[in-house]
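Peer 1: A structural model of the following input is requested.
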Amino acid sequence: MRKIPPTITSFSAARRFALATIARTIQTTGDRWLEKGGIVAFAGPAGAGKTTLLAKLAARWVLKHGPRRVAIISADAVRIGAHEQMHMLGRLLGVTTHNVFDVAELPELLYELRSSHFVMIDTAGTSPRDPELARRLRLLNQMQASIETSLVLPASTQSGAIDEVVQRFALAQPSSCVITKVDEAVSLGGVLSALVRHKLPAAYISDGQRVPEDLSPARSHTLVSRAVEIASHNGSTADDEVMQRRISGVARGHK
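Peer 2: Just a heads-up that it's a prediction; the model follows:
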């Protein structure tokens, strides 16, 4: 971590320096999926917003490239109605959808879809402590030569829980993440800390339920700015005067 230069003497200047340093530390991938396609499996805990994310990405692809050569695979045999939900999405967008009941079935299906430019795989959303999770993640890891795994991180989750999610899903060796439910977050500190600590590049930010509007490529400075905005909205920021009062209060309390 860079040291604060001695020329910075106020809290506000130190704060701006710290935010700029954080922005430079956060890695992002750019809009490469919607530009170049790929085969991406989205993994994450239950309720992370994976299905809504796929709907947004699929709609964006169709608007940019048309419905050809894009496919959606539902590998979620855990959640009731997951397969039917994906088929309904496919019909609305004119995109082909396929079901598998286990990630072990993916290689055969992917061979059939080898002419597709962009394939999105919706995996089962389970608890990070589900005993079956480790097996599924190891299978995804074994398919790294053909499948990229992206971790879906809900920003509304508490900081400690975000760290647990990243650690549990590390078995799949995700190469990127997507930050969802930003509109429901009371702070982005936990998710930004996880990105920096685990050196996990961010691909997209999902900021609402509208399809496909509430999705944008991740930009480090935008993430930091949104974190400041959310903190300010929730009364979590402090200026020089406030910090001086807090420090003075602490000093008096120790007398």
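
Peer 1: which stretches of the stretch 101-250 of the chain form helices?
Peer 2: For the stretch 101-250 of the chain, helices defined by DSSP state H, counting those that start in this stretch occupy the ranges 106-112, 133-142, 159-168, 189-198, 220-233, 240-253.

Peer 1: what's the most buried one of the ones you listed?
Peer 2: helix 189-198 (a mean of 19; mean count of other Cβ atoms under 10 Å). Quick note: C-beta positions are derived from backbone N, CA and C, even for glycine.

Peer 1: pLDDT of that helix, averaged?
Peer 2: In this model, helix 189-198 carries a mean pLDDT of 90.

Peer 1: for stretch 41-61, same thing?
Peer 2: For stretch 41-61, the per-residue pLDDT averages 92.

Peer 1: what's the span of it, first residue to last?
Peer 2: One end of stretch 41-61 sits 16 Å from the other (Cα to Cα, to the nearest Å).

Peer 1: just to revisit the earlier point, would you mind putting the helices of the stretch 101-250 of the chain into JSON lines with distance to Thr126 alongside?
Peer 2: Output for the helices of the stretch 101-250 of the chain, formatted as JSON lines (distance: least, Cβ to Cβ, whole Å):
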{"stretch": "helix 106-112", "distance to Thr126": "17"}
{"stretch": "helix 133-142", "distance to Thr126": "5"}
{"stretch": "helix 159-168", "distance to Thr126": "10"}
{"stretch": "helix 189-198", "distance to Thr126": "19"}
{"stretch": "helix 220-233", "distance to Thr126": "27"}
{"stretch": "helix 240-253", "distance to Thr126": "42"}
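
Peer 1: For stretch 150-160, what is the spacing between the initial and final residues?
Peer 2: End-to-end for stretch 150-160, by Cα to Cα: 20 Å.

Peer 1: Excluding chain neighbours, what is closest to Thr97?
Peer 2: Excluding the flanking residues, the one nearest Thr97 by Cβ to Cβ, 6 or more residues apart in numbering is Gly90, at 3.5 Å.

Peer 1: and the one you found, how many neighbours?
Peer 2: Applying other Cβ atoms under 10 Å, we find 19 other residues in the vicinity of Gly90.

Peer 1: try Arg219
Peer 2: Around Arg219 there are 16 residues (other Cβ under 10 Å).

Peer 1: follow-up on the earlier one: assign the residue nearest to Thr97 to helix, strand or coil.
Peer 2: helix (DSSP: H, G, I helix; E, B strand; the rest coil).

Peer 1: which residues does the closest residue to Leu133 other than its chain neighbours bridge with?
Peer 2: Ranked by Cβ to Cβ, 6+ apart and with sequence neighbours excluded, the top spatial neighbour of Leu133 is Thr126, at 5.4 Å. Taking DSSP bridges as the rule, Thr126 bridges to Pro45.
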